[in-house]
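Peer 1: My questions are about this predicted structure, shown below with the sequence.
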Amino acid sequence: LKLFVSFHCLVTPYPCVILLSYQYIRMELCENGDVEEYIRNRPDKMIDPMDCRNLLFQMAFALHVAGDRFGLKHYDVKLLNFLLQSAKDPSITDNEHPHVVLRYGVGSHIFRLRMHPSTAHIAKLADYGTSVMRSDTDGQPVSLGQYTTLENTPPDFLILGNTAEQGYGHDCFGLGLCMLHLFTGHAPYEEILDEVVCPPNLKGRLQKIWMQKSHDVIYSVMLDNDEDGTEVGDQTLFDTLYRFLVLFGIPKDQFGAKKNGKVWHAINSTLLPPKRSRSKQCPDMDVFIKDTKKFSLAAGTDRRIAEARRRLQKINGAMGLLLSLVSFDPKTRATPLDVINSTFMADLIEDETSYYGEGDIVKSYTAYSTRGD
């Protein structure tokens with residue numbers, strides 16, 4: 001981890017200090033806190049869509065560098081784990097400070113992020129406590145160590161159970177939830193969908209499946225102790241999977257259904273209309289329809305969801321990129337490099353018409369550039 005000091009997009013860890021029975025972890029100070037806190041403190045708890053794009057670009061770049069240089073899978077990507085450091089010159093007063101331009105060389109392109117001094121931040125990936133840097137774990141079955149923030153557990157983990165694989169897909173899905181959070185503002189998705197809970201029939205079927213040997217890693221994650229030390233089952237993962245179905249819809253392409261179709265069958269049989277017209281409709285379907293009418297990203301009426309949809313649809317490629325990142329199938333998710341080279345980021349590419357103001361402070365990061373200039 002000492003090598004991280006060479007990369008501006010990664011929070012630098014320093015040697016730990018052990019005093020008596022305590023171990024203190026020291027890391028680089030980022031004076032502007034984390035991105036979630038930054039959004040909460042903004043007027044209306046929202047940030048401008050162009051600032052959303054600048055931050056998402058930096059997050060994707062950080063994950064690309066971490067994976068490419070160190071083989072790092074973070075396994076807990078969320079706005080709380082991206083810290084903000086000022087990109088301004090501390091010797092210049094705020095009133096006199098010029099714009100700041102961050103230039104990123106990736107392949108044959110230079111991406112140019114020109115920022116007003118009030119929003120001139122460098123986003124840094126932080127908190128490596130759940131990270132894995134071993135390439136021999138790629139493609140191996142998931143373990144308890146990959147279940148971190150339960151509300152952000154990728155749906156493939158909950159659908160495939162023990163056959164879900166370790167790899168970069170977890171981080172890509174987390175980046176998608178970060179993008180959603182940037183555009184909804186206010187709070188993480190699970191707080192916006194706080195009233196949405198898994199309906200009883202689906203929950204009952206999931207519980208039976210997750211207790212089976214094929215999915216027992218999920219059951220192990222759910223086990224917890226209450227205040228009296230009695231073993232109880234945490235209910236978070238039931239709501240997590242259901243909320244993703246409400247937000248993003250039930251996928252038509254249900255990957256892995258032939259070999260691992262138990263959870264898919266539970267979803268289809270409780271939330272979708274029965275295939276036979278004479279079959280009885282599950283009462284969970286009415287709940288699902290009500291929840292999707294309010295909270296689905298495609299058409300939900302909740303004001304935060306509706307505003308996020310409007311903001312995403314206003315920028316070319318934004319909605320498509322988000323849906324690619326949160327794909328239920330990890331093999332079809334956009335990668336950090338896909339994010340960087342997406343249509344959504346195309347307006348950041350520097351060309352002969354790119355504007356630079358007099359006195360702009362320019363910082364260039366071109367280690368990944370293949371251009372000769």
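Peer 2: On my side now, so go ahead.
Peer 1: show me where pLDDT drops low in the stretch 201-350 of the chain?
Peer 2: Residue ranges of the stretch 201-350 of the chain with pLDDT under 70: 225-227, 229, 231, 277-279.
Peer 1: Tell me which residues of the longest helix seen in the chain come out buried.
Peer 2: Counting by DSSP state H, the longest helix found in the chain is helix 49-70. Residues of helix 49-70 classed as buried by neighbour count (16 or more other CB atoms under 10 Å): 49-67, 70. Glycine gets a C-beta too; all of them are placed from N, C-alpha and C.
Peer 1: after that helix, next one along is what?
Peer 2: strand 82-86 (DSSP states H and E).
Peer 1: What lies in contact with that following strand?
Peer 2: The contact list for strand 82-86 (CB atoms under 8 Å, 6 or more residues apart in numbering) reads 11, 30-35, 38, 55, 59, 62, 120-126, 178.
Peer 1: May I see the buried residues of it?
Peer 2: 82-85.
Peer 1: who's in contact with the closest residue to Asn81 other than its chain neighbours?
Peer 2: Take Asn81 and drop its neighbours on the chain: the residue closest to it by CB to CB, 6 or more residues apart in numbering is Asp127, 4.4 Å away. Contact analysis of Asp127 by CB under 8 Å, 6+ apart lists 11, 76, 80-81.
Peer 1: any idea of the mean pLDDT in the longest helix of the chain?
Peer 2: Confidence over helix 49-70, taken as the mean pLDDT, stands at 96.
Peer 1: now for it, which elements pack on it?
Peer 2: Packing partners of helix 49-70 (3 or more CB pairs under 8 Å, 6 or more residues apart in numbering; DSSP states H and E): strand 82-86, strand 100-107, strand 109-115, strand 121-125, helix 169-184, helix 303-314, helix 336-340.
Peer 1: tilt between it and helix 169-184?
Peer 2: Counting by axes from the mean of the first three to the mean of the last three CA atoms, to 10 degrees, helix 49-70 lies at 160 degrees to helix 169-184.
Peer 1: Could you check how far helix 49-70 is from the centre of its chain?
Peer 2: 11 Å (CA atoms, centre = their mean, to the nearest Å).
Peer 1: Over to stretch 267-275?
Peer 2: Counting by CA atoms, centre = their mean, stretch 267-275 comes out at 29 Å from the chain centroid.
Peer 1: my read: Leu55 touches Met179, true?
Peer 2: No - contact between Leu55 and Met179 fails when scored by CB atoms under 8 Å: they sit 9.3 Å apart.
Peer 1: what about His186, which helix or strand?
Peer 2: Residue-wise, His186 maps onto no helix or strand under DSSP H and E.
Peer 1: Actually, Thr301.
Peer 2: Per DSSP H and E: nothing holds Thr301, as it lies in no helix or strand.
Peer 1: Report how many residues lie close to it.
Peer 2: 10 (other CB atoms under 10 Å).
Peer 1: Now list the buried members of the contacts of strand 82-86.
Peer 2: 11, 30, 34-35, 38, 55, 59, 62, 120-126, 178.
Peer 1: ok, so what distance separates the residue nearest to Asn81 from Asp34?
Peer 2: 9 Å (CB to CB, to the nearest Å).
Peer 1: Next: Ile92.
Peer 2: From Ile92 across to Asp34, the span is 25 Å (CB to CB).
Peer 1: about what we covered before: what is the nearest of the contacts of Asp127 to Thr230?
Peer 2: Within the contacts of Asp127, the smallest distance to Thr230 is 28.2 Å, found for Asp76 (CB to CB).
Peer 1: Ramachandran coordinates for the closest one?
Peer 2: phi -150, psi 50 (degrees, to the nearest 10).
Peer 1: Show the contacting residues for it.
Peer 2: By CB under 8 Å, 6+ apart, the contact set of Asp76 is 127, 129-130, 148-149, 152, 174.
Peer 1: By neighbour count, which of those wins?
Peer 2: Counting by other CB under 10 Å, top hit in the contacts of Asp76: Gly174 with 26 neighbours.
Peer 1: so that one makes contact with His74?
Peer 2: Yes - contact criterion CB under 8 Å: Gly174 and His74 qualify, at 7.5 Å.
Peer 1: Show me the helices in this protein, by range?
Peer 2: 35-40, 49-70, 155-160, 169-184, 189-192, 200-210, 216-222, 236-248, 262-271, 284-295, 303-314, 318-325, 336-340.
Peer 1: Give me the angle between the longest one and strand 100-107.
Peer 2: Computed by the same axes, to 10 degrees, the angle separating helix 49-70 from strand 100-107 equals 50 degrees.
Peer 1: could I have helix 49-70 exported to CSV, CA atoms only?
Peer 2: Coordinates of each C-alpha in helix 49-70 appear next as CSV, following Å, rounded to 0.1, in the frame of the first residue of the first chain:
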residue,chain,number,x,y,z
PRO,A,49,-25.2,17.6,-13.1
MET,A,50,-21.8,18.7,-14.5
ASP,A,51,-20.3,18.4,-11.1
CYS,A,52,-21.8,14.9,-10.9
ARG,A,53,-20.1,14.0,-14.1
ASN,A,54,-16.7,15.4,-12.9
LEU,A,55,-16.9,13.4,-9.6
LEU,A,56,-18.0,10.2,-11.4
PHE,A,57,-15.1,10.5,-13.8
GLN,A,58,-12.6,10.8,-10.9
MET,A,59,-14.2,7.8,-9.1
ALA,A,60,-14.0,5.7,-12.2
PHE,A,61,-10.4,6.7,-12.8
ALA,A,62,-9.5,5.8,-9.2
LEU,A,63,-11.1,2.4,-9.5
HIS,A,64,-9.4,1.8,-12.9
VAL,A,65,-6.0,2.7,-11.4
ALA,A,66,-6.5,0.6,-8.3
GLY,A,67,-7.5,-2.4,-10.4
ASP,A,68,-4.9,-1.9,-13.2
ARG,A,69,-1.9,-1.1,-11.0
PHE,A,70,-2.6,-3.2,-7.9
